[in-house]
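Colleague: attaching a predicted model along with its sequence, questions to come.
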Amino acid sequence: MDTRPVLLSSVLLRQNPHNVHEWHKRVALFEGRPSDIIKTFTEAFQTVNIELAVGKPHTLWTAFAMFYETNNQLPE
């Protein structure tokens, strides 16, 4: 995997860790790697301050729920 997009994402999130759109883009970089996607969402939830967020923070939770639903990870 080319690490340049991940490094660029890290730099952009270091500049503004509350940018919801950048977190979505970072999750997309890990497509096909569920454990990395879960780690990225978890990091986003812990980092984004709702009061300082650029974008709509609830979309992170919605995307995370959709990820679990599409990967059949919902408890029965």
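Modeller: Received the coordinates, thanks.

Colleague: now the helices for this structure?
Modeller: Ranges of helices in the chain, per DSSP state H, are 4-15, 20-29, 34-47, 58-70.

Colleague: turn these into CSV, columns for mean neighbour count and mean pLDDT.
Modeller: No exception for glycine: its C-beta is placed from N, CA and C like everyone else's. Output for the helices of the chain, formatted as CSV (neighbours: other C-beta atoms under 10 Å; pLDDT from 0 to 100):
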stretch, mean neighbour count, mean pLDDT
helix 4-15, 13, 97
helix 20-29, 18, 98
helix 34-47, 15, 96
helix 58-70, 13, 95
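
Colleague: is it true that residue 67 touches residue 36?
Modeller: No - counting by C-beta atoms under 8 Å, residue 36 is not a contact partner of residue 67; they are 11.6 Å apart.

Colleague: shared neighbours, these two?
Modeller: Among the neighbours of residue 67, none is also in contact with residue 36 (C-beta atoms under 8 Å, 6 or more residues apart in numbering).

Colleague: hey, C-alpha coordinates of stretch 18-26 in CSV?
Modeller: C-alpha atoms of stretch 18-26 as CSV (Å, rounded to 0.1, in the frame of the first residue of the first chain):
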residue,chain,number,x,y,z
HIS,A,18,-12.0,18.4,14.1
ASN,A,19,-12.5,18.3,10.4
VAL,A,20,-15.2,15.6,9.9
HIS,A,21,-14.8,15.5,6.1
GLU,A,22,-11.1,14.7,6.5
TRP,A,23,-11.9,11.8,8.9
HIS,A,24,-14.3,10.4,6.3
LYS,A,25,-11.6,10.6,3.6
ARG,A,26,-9.2,8.9,6.0
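
Colleague: which residues are in contact with that stretch?
Modeller: 6, 9, 12-13, 16, 40, 44, 47-49, 52-57, 59-60, 63.

Colleague: and if you look at stretch 35-47?
Modeller: Stretch 35-47 is contacted from outside by 13, 17-18, 23, 26-27, 30-31, 60-61, 63-64, 67, using C-beta under 8 Å, 6+ apart.
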